[in-house]
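# Using only what follows, build the 3D model:
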Amino acid sequence: MIDIEKQTIEAVKKVGPAVVSIAISKFMPKIRQMPFPPFFGPFGFGMPLPEDLPDRQAGPGEMLPDKHLGKSKGEKVKVGGGSGFIVHPDGLVLTNKHVVFDTEAEYTVVTSDEKEYAGKVISRDPMNDVAVLKIDARGLPAVQLGNSNKIELGQTVVAIGNALGLFTNTVSKGIISGLGRKISASMGQGGQVENLRNVIQTDVAINQGNSGGPLINLDGEVIGINTAIIFGAQNIGFSLPINWAKADLEDIIKFGRIVRPFIGLRYVMLNKELKEKYALPVDFGALVIKDHIPGTEAVVADSPADKAGIKENDIVLEINGDKLTEKNELADIIQTAKVGDELEMTVMRKDKTMRVKTVLEERK
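Next up is the predicted model:
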């Protein structure tokens, strides 16, 4: 009989030395006394920046920050953090994009032996919540990447990360609770939201600050990147399949950046409910329509979709003969394609159906 406890311990010993903490720092106006307690963000942890604080009068015995102080009078303070793991001995670190989302922040990578390195963000995946950092070090312990396509329901998994930004290499254990989940996740304080598809659901305890840390199997292979929790729920966490990150790492090695295909459409996937509600001619396909964010376009100007002649309110029914449904979204097909691939789309415009072709370009 397999000794699960022994396997778990050996797996943690194997991966633990490659898990890192990522500290986020920014220049902020000096605050002599913090008027509010720290808050925990949706993924990592953070302190409220001055521009995020409400305008109000100081209460008895407290000082409010001066919003008009410039950087010259400011100080560099830690405003958040997350986790990551080393994937190459020469200093490549994998983490979540939302952990290193702020282009104006500075990132410090702290290894398991408590050494600190300046972290440079090499690339952020434009489609998935994945980012790669580089630190100036050699001979580092690196993880072994597994195959997330082989994950099974009920499989035992372990998460390692920087819980609450305070407790490094915190270990928690659980099982795979669901596969192929779809969630919408906040990308930071700017209000950006990213739709993540085909993510792994686990009952592993994933705390704030665990974001970007590895989800491993009992062989000590990384099969996912811990990325999100649902507040108010118990034992529901989500991880990105590691195979997504494998493709990103291949791009980094080959091109020096993450290369992702781009079609230039905003859309809503149709179903029977939407068909009946809006009296649409079909209950499948991708309805081309702009979202609620002001200034956005349904069809991005000069994009592959624009060049193919697609217009707002068109319905893309098929791509290369594949029917588009809620379980086979347009984005799923684009994600598996490559820059330069030609797509043939079956498009419905009012009561007419037509076929158009376009070539995918690199997402900038």
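# got the domain boundaries for this protein?
Segmentation of the chain into domains, based on automatic domain parsing, reads 11-49+64-134, 144-255, 261-362.
# Quick one: end-to-end distance for the first one.
In terms of Cα to Cα, to the nearest Å, the two terminal residues of domain 11-49+64-134 are separated by 25 Å.
# After the helix or strand in which residue 277 is found, which helix or strand is next?
Taking DSSP states H and E as the criterion, residue 277 maps to helix 272-278. As assigned by DSSP H and E, the chain's next helix or strand after helix 272-278 is strand 286-288.
# Parallel or antiparallel, list what pairs with that next one.
Next to strand 286-288 in the sheet, as set by DSSP bridges, lie strand 267-269 (antiparallel), strand 315-319 (antiparallel).
# Show me what whatever helix or strand comes next after the last one is in contact with.
Pointing back at strand 315-319 there. The first helix or strand that comes after strand 315-319 along the chain, using DSSP H and E, is strand 322-323. With Cβ atoms under 8 Å, 6 or more residues apart in numbering as the test, strand 322-323 has contacts from 284, 317, 328, 333. Placement of C-beta: from N, CA and C, glycine included.
# next one: strand 322-323 to chain centre, how far?
27 Å (Cα atoms, centre = their mean, to the nearest Å).
# need the longest strand for the chain.
In the chain, taking DSSP state E as the definition, the longest strand is strand 167-186.
# Quickly run through the sheet partners of it, with directions.
Short version: by DSSP bridges, strand 167-186 pairs with strand 156-163 (antiparallel), strand 193-202 (antiparallel).
# Deepest in the core, which of those is it.
Most buried of the strands paired with strand 167-186, by mean neighbour count (mean count of other Cβ atoms under 10 Å): strand 156-163, with a mean of 24.
# Which other helices and strands does the one helix or strand residue 9 maps to contact?
Assignment of secondary structure by DSSP H and E places residue 9 within helix 4-15. Helices and strands touching helix 4-15, by 3 or more Cβ pairs under 8 Å, 6 or more residues apart in numbering; DSSP states H and E, are strand 156-163, strand 214-216.
# returning to that earlier point: tell me which residues in the longest strand of the chain are buried?
Neighbour counts over strand 167-186 (16 or more other Cβ atoms under 10 Å) mark 168, 169, 170, 171, 172, 173, 174, 176, 177, 185, 186 as buried.
# okay, the angle between it and helix 4-15?
Per axes from the mean of the first three to the mean of the last three Cα atoms, to 10 degrees, the angle that strand 167-186 makes with helix 4-15 is 90 degrees.
# Return the distance of strand 167-186 from the chain's centre.
Chain-centre distance of strand 167-186: 13 Å, with Cα atoms, centre = their mean.
# again with stretch 112-132
Chain-centre distance of stretch 112-132: 12 Å, with Cα atoms, centre = their mean.
# Just the endpoints, please. Distance across it?
18 Å.
# buried sites along it?
In stretch 112-132, counting by 16+ other Cβ under 10 Å, buried: 112, 117, 119-132.
# And for stretch 325-339?
Across stretch 325-339, burial judged by 16+ other Cβ under 10 Å covers 329, 330, 331, 332, 333, 334, 335, 337.
# now stretch 7-14
Using 16+ other Cβ under 10 Å as the test for burial, stretch 7-14 gives 7, 8, 11, 12, 14.
# State the mean pLDDT of that stretch.
For stretch 7-14, mean pLDDT is 93.
# Would you mind listing where the stretch 51-200 of the chain has pLDDT under the threshold?
Low-confidence segments of the stretch 51-200 of the chain (pLDDT under 70): 51-74, 163-167, 184-195.
# and residue 173, how far is that from residue 125?
To residue 125, residue 173 is 28 Å away according to Cβ to Cβ, to the nearest Å.
# cool, and residue 345?
In terms of Cβ to Cβ, residue 345 sits 24 Å off from residue 125.
# now swap in residue 240 and tell me
From residue 240 across to residue 125, the span is 10 Å (Cβ to Cβ).
# Looking at this structure, which helix is longest?
If you go by DSSP state H, the chain has its longest helix at helix 242-255.
# which residues touch it?
For helix 242-255, the external contacting residues (Cβ under 8 Å, 6+ apart) are 87, 92, 94, 122-123, 125, 128, 130, 132, 145-149, 222-225, 257-259.
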